[in-house]
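A.B. asks: based on what follows, work out the 3D shape:
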Amino acid sequence: MHPDLSWARRTVGPPLLITAVAGGLAALQPGGATVTVLTAAFLVLAPATVAAALLRNVDLLSRIAVGAGTAIAVDTVVAQTMLSVGAWSVRGGVLAVGLLSALALALVPVPSGRRATPPVPPAGTPVPSDEPAGAA
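C.D. replies: Residues are numbered from 1 along each chain as shown. Down below sits the predicted model:
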């Protein structure tokens, strides 16, 4: 496994896989209670997963809270927009939320794997040595 992408596979991978399966089934709409549950899961997990991935330097509880709030906000904005233009459908809502989540997922930065180099001290600055003070 490439070391640069290991964080993405652990953090974003499993929820994204579940979200993709749920979104695919919800878009197909074969019917049944299972698809209804998967549609609801997709509408919550897609924006929440992307929001959590964008906040990878924040603690887990904050990521969950922001993800849940983002999911509610995205779903509400999509539903209100589709209702206001008279284009509401479950399939259209799932596709719109999926598209917005995919576009936002493209914004997730991939770490380069390089560590930051320490700054170079200005010329004439004494460099600390590894020897204890007073040892000669």
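A.B. asks: report pLDDT for the closest residue to Trp88 other than its chain neighbours.
C.D. replies: Distances taken as CB to CB, 6 or more residues apart in numbering place Met82 nearest to Trp88, at 4.5 Å, with adjacent residues excluded. Where you see a C-beta, it was placed from the backbone N, CA and C, and this is true even at glycine. At Met82, the predicted lDDT confidence score is 94.
A.B. asks: phi first, then psi, for Met82.
C.D. replies: phi -70, psi -40 (degrees, to the nearest 10).
A.B. asks: burial count for it?
C.D. replies: Burial measure for Met82: 15 neighbouring residues, criterion other CB atoms under 10 Å.
A.B. asks: try the one 10 residues further on
C.D. replies: Applying the criterion other CB under 10 Å, we find 13 residues in the vicinity of Gly92.
A.B. asks: one more: Ala123?
C.D. replies: Applying other CB under 10 Å, we find 5 residues neighbouring Ala123.
A.B. asks: can you classify it as helix, strand or coil?
C.D. replies: coil (DSSP: H, G, I helix; E, B strand; the rest coil).
A.B. asks: which residues touch it?
C.D. replies: Taking CB atoms under 8 Å, 6 or more residues apart in numbering, we find Ala123 in contact with no residue.
A.B. asks: roughly how far does it sit from Val78?
C.D. replies: Plainly put, Ala123 is 58 Å away from Val78 if you go by CB to CB, to the nearest Å.
A.B. asks: which residue ranges form the helices in the chain?
C.D. replies: For the chain, the helices identified by DSSP state H occupy 6-11, 13-28, 33-54, 60-84, 90-105, in order along the chain.
A.B. asks: this completes my enquiry, with thanks.
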